[in-house]
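Trainee: Sequence first, then the predicted structure:
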Amino acid sequence: MSSHSEPTPRASLRLTDLAAGETGRVCALEGEANFCARLREMGICESAVIEKIHGSHTLLCQLCGTRIALSGSAAKHIVVEKLPDQG
């Protein structure tokens, strides 16, 4: 057995599956290339940290100090890993 423990990998989930107030790091964008490019133009790119503020059919999220509204169908294409609570 090694003397140090490996970090536990975090499970990935859809942005729609984060609870309100939870924060995640974007792991992947899924869908057509033009759709993913548009998300990246909005700042939603791999490794970005995004907080889900509210919603399920329309999501209100915070990204880099800016609030963004996303449709639930768009948010389903954003795969995140939940980050530990900061508070």
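Mentor: Nice, thanks for sending it over.

Trainee: how about the nearest residue to His57 once chain neighbours are set aside, what does it touch?
Mentor: Leaving aside its sequence neighbours, His57 sits nearest to Gly72 (Cβ to Cβ, 6 or more residues apart in numbering; 4.8 Å). C-beta: built from backbone N, CA, C; applies to glycine. Residues near Gly72 by Cβ atoms under 8 Å, 6 or more residues apart in numbering: Thr16, Gly55, Ser56, His57, Thr58, Leu59.

Trainee: Buried among the residues you listed? Make that a ChimeraX selection.
Mentor: Per 16 or more other Cβ atoms under 10 Å, the buried members of those correspond to this ChimeraX selection:
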select :16,55,59
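
Trainee: mind listing the strands for this structure?
Mentor: For the chain, the strands defined by DSSP state E occupy 12-14, 23-29, 49-54, 58-63, 66-71, 78-82.

Trainee: Identify the residues contacting the shortest one?
Mentor: What that stands for is strand 12-14. By Cβ under 8 Å, 6+ apart, strand 12-14 touches Gly24, Cys27, Ala28, Ala75, Lys76, Ile78, Val79, Val80, Glu81, Lys82.

Trainee: and Ile50, what does it touch?
Mentor: Leu15, Thr23, Gly24, Arg25, Val26, Ile44, Cys61, Gln62, Leu63, Ile78, Val80.

Trainee: any chance of these in TSV, with neighbour count, distance to Cys36 and pLDDT too?
Mentor: Compiled in TSV, the contacts of Ile50 are given as follows (neighbours: other Cβ atoms under 10 Å; distance: Cβ to Cβ, whole Å; pLDDT from 0 to 100):
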residue	neighbour count	distance to Cys36	pLDDT
Leu15	22	14	97
Thr23	17	21	97
Gly24	24	17	97
Arg25	15	17	97
Val26	22	11	98
Ile44	24	9	96
Cys61	22	17	97
Gln62	14	21	97
Leu63	17	16	96
Ile78	26	10	97
Val80	26	15	98
